[in-house]
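**Student:** here is the input, now give the coordinates:
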Amino acid sequence: MKSKFVQAFASLIFGYGLYAINICRWIWYDEEVPARVKELAKED
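**Tutor:** Next comes the predicted model:
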């Protein structure tokens, strides 16, 4: 039980970490944000 909980917790943190990195990239390349959002929308 504990190992499953730890695994889920770790994957959650990892997912949020990647999400935060993407937001930081968008902020860093502020001018490219609209284009990047459109590209992501197309991919999904």
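**Student:** please make it C-alpha for all contacts and neighbour counts, starting now.
**Tutor:** Fine.
**Student:** quick one: the helices in the chain?
**Tutor:** Applying DSSP state H to the chain gives helices spanning 2-28, 33-43.
**Student:** just checking, what packs against the shortest one?
**Tutor:** Right, helix 33-43. helix 2-28 (3 or more Cα pairs under 8 Å, 6 or more residues apart in numbering; DSSP states H and E).
**Student:** still on that earlier bit, in terms of mean pLDDT, which of the helices of the chain ranks lowest?
**Tutor:** Mean pLDDT per stretch puts helix 33-43 lowest among the helices of the chain, at a mean of 73.
**Student:** now the angle from it to helix 2-28?
**Tutor:** Going by axes from the mean of the first three to the mean of the last three Cα atoms, to 10 degrees, helix 33-43 is angled at 140 degrees with respect to helix 2-28.
**Student:** switch the helices of the chain over to JSON lines; also include mean neighbour count.
**Tutor:** Formatted as JSON lines, these follow (neighbours: other Cα atoms under 10 Å):
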{"stretch": "helix 2-28", "mean neighbour count": "12"}
{"stretch": "helix 33-43", "mean neighbour count": "11"}
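**Student:** distance of residue 37 from residue 4?
**Tutor:** From residue 37 across to residue 4, the span is 34 Å (Cα to Cα, to the nearest Å).
**Student:** roughly how far is stretch 1-9 from the heart of the chain?
**Tutor:** 21 Å (Cα atoms, centre = their mean, to the nearest Å).
**Student:** then stretch 10-20?
**Tutor:** With Cα atoms, centre = their mean as the basis, stretch 10-20 stands 7 Å off its chain's centre.
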